[in-house]
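Chemist: Fold the stuff below for me.
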Amino acid sequence: MNIILGLLGIGIGFVIVWQSEWLLQNFGRIEFFEDKLGTEGGSRLGYKLLGILIIFIGILVLTGMIKGFALWILSPLMRYSQNMPA
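Modeler: From the prediction side, this is the model:
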């Protein structure tokens, strides 16, 4: 099941990166990306970054490393919450 989900995520991410202009024309600009990335391509760059993030997550799912990665990312928060007094 992980292989199917991982390949699906990689495929969707690839299409988002490849067709960012089509997405921009059909769904319009995203204000957050325009504000933060306006001088570097704005929404087009935002769509591409979103696609790359989906590809990365798809690769993690495909290889079975998603749980370890999530624990690594969230470990500072979990460590902090364990040290708080009850």
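
Chemist: Next, count neighbours for the residue lying closest to Ile57 once chain neighbours are set aside.
Modeler: Nearest-residue entry for Ile57: Gly9, 5.8 Å, with adjacent residues in sequence omitted and distances by CB to CB, 6 or more residues apart in numbering. The C-beta positions use only the backbone N, C-alpha and C, and glycine is treated the same way. Gly9 is flanked by 19 other residues according to other CB atoms under 10 Å.

Chemist: begin at 34 from here
Modeler: Sure, I'll start counting at 34 from here, so that last one is Gly42.

Chemist: Please give me every residue in contact with Gly42.
Modeler: With contact taken as CB atoms under 8 Å, 6 or more residues apart in numbering, Gly42 is in contact with Ile87, Ile88, Ile90, Gly91, Ile92, Val94, Leu95.

Chemist: so how far is Gly101 from the second one?
Modeler: Relative to Gly101, Ile88 is positioned 18 Å away (criterion: CB to CB, to the nearest Å).

Chemist: do the fifth one as well
Modeler: Distance from Ile92 to Gly101, counting by CB to CB: 13 Å.

Chemist: So between these two, which is more surrounded?
Modeler: In this view Ile92 and Gly101 are compared by other CB under 10 Å, and Ile92 has more residues nearby, 16 against 11.
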